[in-house]
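1. Quick one, structure for this:
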Amino acid sequence: MRNGPSTTLHTLSESMMDENLEHAKSIITKWDPNSSTIAKFTSLFYESRCEAKDFLKSVKQLQQTMHFYASHNTFSEKLVQAQNLMKVAMKRLEKEFYQILSSNRDHLDPESVSSRSSTSEYEYEYEASPEDEIQLAGESISKVEKFSTLAMFDLSSIADCMISSGYDKDCVKIYKIMRKSIVDEALYKLGVESLTSSQIHKMDWELLELKIKNWLNAVKIAVKSLFHGERIVCDHVFSTSHFIRDSCFSDITKEAAILLFRFPESVAKSQKSPEKVFRMLDLYDAISKLWSDIDSIFSFDFTSVVRSQATNSLKRLGDTVRAMLSDFESLIQKDSSKTPVPGGGLHPLTRYTMNYLSYLTDYSGILSDIFSNCLLQKNTSLPESYFDSPNLNDNPSSAFTIRMAWIVLVLLCKLDGKARLYKDPALAYLFLTNNLEYVVQKIQTSNLRYLLGEDWISQHKAKMKQYAASYERMGWSNVISAIPEDTTATTMSLEEAKECFNNFNSAFEQIYRTQSSWIVTDRKLREEIKVSIARKLVPAYGELYRKYRDLLRSENEMESVVRFHPHDLGNYLSDLFYGTGVSGSASSSTSSSPAQSRGKHSRR
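-> Below you'll find the predicted structure:
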């Protein structure tokens, strides 16, 4: 009976499988760790890359041979032999996988791999010329890449072989243990600690602030180098299996990433004081800037918990920032100080509030994001006249602008109340002038200018001028009214002239004594007020002086009646608004007169 074509084909296939088995047996047995001392302590991939390639090829052929024997249910002893060889081969590859991971630990650290993946992100801690940086970067990258790229290729080849042979668990277990230790160690070196919310809450602010600064430095390196680099390594080694790749990366980095991104949330939960808002904004900014990287690196379902933690930290930080600004507003409203600022100067609340707000505007972009879609409460609606855009209250994207404008309005209203503490109306208006001037200047010289706008600034500059005009009217009306309105059109008798000069002397000396302790804090504003007063006072008094000096001299009344030469008035005015007082006390009833206390001013 003659053999048919199928029988002949089976015989040829069987013969080929037998050859594969023999070849696999020869090379696998050679590298059996239990067969010789050399095989036990030597690396196949280090000794001969050509033989390593042949080893992997023989394993794949052995796998085909096992399928052939199993499918034909023949030569069962050969199937058992092939299975035993496969176990030996997997033990060898498992050993090789571990050795490569271990010996290339420094070359395969995520930071090095991440740097090589994007040379534009390669940075140096010292200054160098662009040419030097390029050369140094090239040398450093090639030095590491020459070996680690080869190692990554070998790891990928081994992983592919073990996975296809059904030994993925052994391979993955080794990889997870080795790589997780690298990630955890790197995070530890970056100074990221495992701190509970309770520990953070009990921590002194100085120590916590140091930890926040450290975290801000660490998070960028962790995301862009550590986790990004690990993702590159993991994707490369397990490129043939998306499931294994994703689950491995998750198991290696998830714990470290959650630890990293949980810190800002814990800090946000523990801090309530408005002064701490700037560190909250730094934390929020750091996560926001890295969000696209975080979302990309931890993009799959296995790592969704990492994205959730980062999102929760952002949300908690945003809630805390909004609460802190509400508390800050409440602090302004609740300020109950009843002692007027001496001399009508700058109130501490004004300085504190405007410095706080001007620093806040350095974070305008972040705060706009935090306040987006967060409408103000009904009782914080601004007057339509407050901005040049009457519908700004209805624009959700302007929520942060409105919040800043509202806080400024709360401050101005509070200052109106503080002004009522002064018994002298002129001093009250000078107080309002000083403080509004400071508010406007802070807005003009900070990013508040771009939030509130030029129209707001113009409106409040005009209001400041109104305050200054009210101060002049109330503070100097007695002096100005002591001078006849139209000196050239009226003629006074000697007694009337003497009475006019005496009234002026008395009024001017009283105002000078009183206002010598008053303050105008801004130099430019101080000069403007002095000039304005001088324009109203000096020319009118000069006309009076010139018209009646001859009459007074003829009656020998000049020295006793006329205490001030017109030039003297400008000198006395120049000394006002520094808060220095006269003879140590501007309010003292025993204070000397301007003419008595100012010897340098001559009377002619």
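2. make it CA atoms for all contacts and neighbour counts henceforth
-> Noted.
3. did I read that right, residue 166 in a helix?
-> No: with DSSP: H, G, I helix; E, B strand; the rest coil as the criterion, residue 166 is coil rather than part of a helix.
4. Look up phi and psi at it.
-> For residue 166, the backbone dihedrals (degrees, to the nearest 10) come out as phi 90, psi 10.
5. try residue 340
-> The phi/psi pair for residue 340 (degrees, to the nearest 10) reads phi -60, psi 150.
6. hmm, which helix or strand of the protein has the shakiest average pLDDT?
-> None of the helices or strands of the chain scores lower by mean pLDDT, DSSP states H and E than helix 594-597, at a mean of 49.
7. For stretch 346-363, buried residues please.
-> Across stretch 346-363, burial judged by 16 or more other CA atoms under 10 Å covers 346, 347, 349, 350, 353, 354, 356, 357, 358, 360, 361.
8. Spatially nearest residue to the last one (excluding sequence neighbours)?
-> Going back to what we said before, that points to residue 361. The shortest distance from residue 361 to any non-neighbouring residue, by CA to CA, 6 or more residues apart in numbering, is to residue 447 (5.4 Å).
9. residues contacting residue 238?
-> Contacts for residue 238 (CA atoms under 8 Å, 6 or more residues apart in numbering) come out as 156, 159, 160, 244, 245.
10. Restricted to helices, list those.
-> Counting by DSSP state H, the contacts of residue 238 place 156, 159, 160, 244, 245 in helices.
11. Would you confirm that the residue nearest to residue 361 contacts residue 363?
-> No: look at residue 447 against residue 363 with CA atoms under 8 Å: they stay out of range, at 9.3 Å.
12. check contacts around residue 497.
-> Listed by CA under 8 Å, 6+ apart, the contact set of residue 497 reads residue 548.
13. For residue 223, see how far away it is.
-> Using CA to CA, to the nearest Å, residue 497 is found at 87 Å from residue 223.
14. Neighbour-wise, give me the winner out of the ones in helices among the contacts of residue 238.
-> residue 159 (26 neighbours; other CA atoms under 10 Å).
15. how close does that one sit to residue 548?
-> Distance from residue 159 to residue 548, by CA to CA: 112 Å.
16. same thing with residue 504?
-> Residue 504 sits 14 Å away from residue 548, going by CA to CA.
17. Likewise for residue 265?
-> Residue 265 sits 81 Å away from residue 548, going by CA to CA.
18. Which pLDDT value goes with residue 510?
-> Per-residue confidence (pLDDT) for residue 510: 92.
19. May I have the phi/psi pair for it?
-> Residue 510 adopts backbone torsions of phi -60, psi -50, taken as degrees, to the nearest 10.
20. any idea how far residue 478 is from it?
-> 10 Å.
21. what's the answer for residue 179, then?
-> As for residue 179, its distance to residue 478 is 87 Å (criterion: CA to CA).
22. Compare those two and say which is more crowded by neighbours.
-> With neighbours defined as other CA under 10 Å, residue 179 and residue 478 compare such that residue 179 has more, 25 against 17.
23. Okay, domains of this protein per the record?
-> For the chain, automatic domain parsing gives the domain ranges 335-454, 482-597.
24. Nearest to residue 215, out of these?
-> domain 335-454 (18.7 Å; CA to CA).
25. Averaged pLDDT, that closest one. What do you get?
-> Domain 335-454 comes out with an average pLDDT of 84.
26. Likewise for stretch 192-204?
-> Mean predicted confidence for stretch 192-204 is 89.
27. So that it lines up with my notes, have the first residue be 25 from now on.
-> Understood, numbering begins at 25; the last thing we discussed is stretch 216-228.
28. How about residues contacting that stretch?
-> Contacts to stretch 216-228, defined as CA under 8 Å, 6+ apart, come from residues 232, 238, 239, 242, 283, 284, 287, 290, 291, 293, 294, 295.
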